[in-house]
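> Whatever this is, show me its structure:
(chains A and B)
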Protein chains: 2
Amino acid sequence: MEEFEEFEYQPKSVKEIFIEMKNIVELMVDLAYTAILFGDKEIAEEVLDLEERMDLLNYHLMTHAVLAARSPKEAEQITSVLQMANSIEDISNAAGDLAKMVLEGVELHPVITEAIMESEEVIAKIPVSSDSVIVGKTLGELDLATNTGVWIIAVKRGKRWIFAPDKDFKIKPEDILIGRGTHTSVEHLKEIARGIIRVIGDERA
Amino acid sequence: MEEFEEFEYQPKSVKEIFIEMKNIVELMVDLAYTAILFGDKEIAEEVLDLEERMDLLNYHLMTHAVLAARSPKEAEQITSVLQMANSIEDISNAAGDLAKMVLEGVELHPVITEAIMESEEVIAKIPVSSDSVIVGKTLGELDLATNTGVWIIAVKRGKRWIFAPDKDFKIKPEDILIGRGTHTSVEHLKEIARGIIRVIGDERA
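Numbers count the residues shown, from 1 in each chain, chains lettered A, B, ... in the order given. Take a look at the predicted model:
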């Protein structure tokens, strides 16, 4: 939890906190669906850890906000930030509730996984073969979200999960990517990851 | 509200209702951010309309569910569907709250639009020039989500909004697409829409 410590001593700006909250809540919803889809308690735990981080961020946001208001106009503007942060936290709590279903070992109805797999944005496991063109490249170089339409939410490497891997994350053979995208884009990336398709996007990558 | 009438007479399956709820809630969150970003009350109204539709869908889901349970195991499974639907409705309500900020004319802090524009997934207006390669093509043919990484949430045509345009929607010059994606993918699609880049994806489209 080193990151938390740093955060305590070097408070970020309202803007930085707010951007982090928006990014985290999107990751939380994706991970909550992923945890349900694969019945994976470790992913569900990560969602709850992120929910705690959201609480802390929202607390810091409020502290900053209260200090910042100097005029009625500023007060109204700052209230709008707090309102939006509360909505974001509501979404975060909903994602937490989804994750808890997995942790509590609730018997899930098949319709749940079907809905996650058949809705417009789907989530899928994408196993990487040693002869795929993405092996040895970083997520920053590949920019899969732009070039294939698939967002990488997490990666399973051996027994370890890496959540929200950053641009310096280098793909290795046998990695299992967890991606979110359209049916077509996910199927396309699966073929790239299996080494069948050897071109990514229009090779701007 | 023709669609609602139809819905009343031809009840869908639990699965269909559930998939629709998942699709709608994602659209609602995207549209709520869009309404805030552009201070657009019409988009905010659409979010509230969708929130009403969600309520109706959730009601139908519950009615179906109550009828379906025949054994304790089934009851547990069906409860899991209701639990998940409730979380989805919590997210829908949060999106509704965001939209209400716009409708109530709250003075928004600049940090809010900055967060929407600087987070990982951004929302942008993409104006279409008459000489763009996407003109005259349907969204189904283009599959922009796969080929450029940009999801089309809505389109402004003249004074009219089209929300969640379907695969048969044909792009016309002067349309303004509202897209969600990475910074890079949105900038790339802007250049395609302006007629500067004349190739889409790897031309699988």
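
> Going by C-alpha atoms from here, please, whenever you check contacts or count neighbours.
OK.

> show me where chain A has strands.
A:122-127, A:151-157, A:160-163, A:176-181 (DSSP state E).

> Can you give me the domain assignment for chain A?
A:2-103, A:120-193 (automatic domain parsing).

> any chance of those in a markdown table, with distance to chain B, mean pLDDT and mean neighbour count too?
Formatted as a markdown table, the domains of chain A follow (distance: least, CA to the nearest CA, whole Å; pLDDT from 0 to 100; neighbours: other CA atoms under 10 Å in any protein chain shown):
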| stretch | distance to chain B | mean pLDDT | mean neighbour count |
| --- | --- | --- | --- |
| domain A:2-103 | 4 | 90 | 19 |
| domain A:120-193 | 4 | 97 | 20 |
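
> B:Trp151 is nearest to which of those domains?
Among these, the nearest to B:Trp151 by CA to CA is domain A:120-193 (8.9 Å).

> Any idea which residue is closest to the centre of chain A?
A:Leu27 (2.4 Å; CA atoms, centre = their mean).

> doesn't A:Trp151 make contact with it?
No - A:Leu27 is beyond contact range of A:Trp151, at 10.2 Å (criterion: CA atoms under 8 Å).

> circling back: residues contacting the residue nearest to the centre of chain A?
By CA atoms under 8 Å, 6 or more residues apart in numbering or on different chains, A:Leu27 lies in contact with A:153, A:164.

> run the last query once more with 10 Å
A:21, A:47, A:50, A:92, A:95, A:153-154, A:163-164 (CA atoms under 10 Å, 6 or more residues apart in numbering or on different chains).

> With respect to B:Thr34, which of the residues you listed is nearest?
Nearest to B:Thr34 among these is A:Met21, at 17.2 Å by CA to CA.

> what's the closest non-adjacent residue to the closest one?
Here the nearest residue to A:Met21 in space, its sequence neighbours aside, is A:Met54; by CA to CA, 6 or more residues apart in numbering or on different chains that works out to 6.4 Å.

> I'd like to know which elements the longest helix along chain A is packed against.
Longest helix in chain A, counting residues (DSSP state H): helix A:72-103. Contacts defined by 3 or more CA pairs under 10 Å, 6 or more residues apart in numbering or on different chains; DSSP states H and E place helix A:72-103 against helix A:14-38, helix A:41-68, helix B:72-103, helix B:110-118.

> returning to what we had before: out of the strands of chain A, which gets nearest to A:Thr138?
Here strand A:151-157 is closest among these (CA to CA), at 12.0 Å.

> Neighbouring strands of the closest one in the sheet, and parallel or not?
The strands that strand A:151-157 pairs with in its sheet are strand A:160-163 (antiparallel), strand A:176-181 (antiparallel) (by DSSP bridges).

> from the chain's centre, how far out does that strand sit?
Mean-position distance between strand A:151-157 and its chain equals 9 Å (CA atoms, centre = their mean, to the nearest Å).

> what's in contact with that strand?
By CA under 10 Å, 6+ apart, strand A:151-157 touches A:26-28, A:30-31, A:34, A:43, A:123-127, A:139, A:143-145, A:161-166, A:169, A:171-181, A:185-186, B:121, B:149, B:181-182.

> Specify the angle between that strand and strand A:122-127 in degrees.
40 degrees (axes from the mean of the first three to the mean of the last three CA atoms, to 10 degrees).
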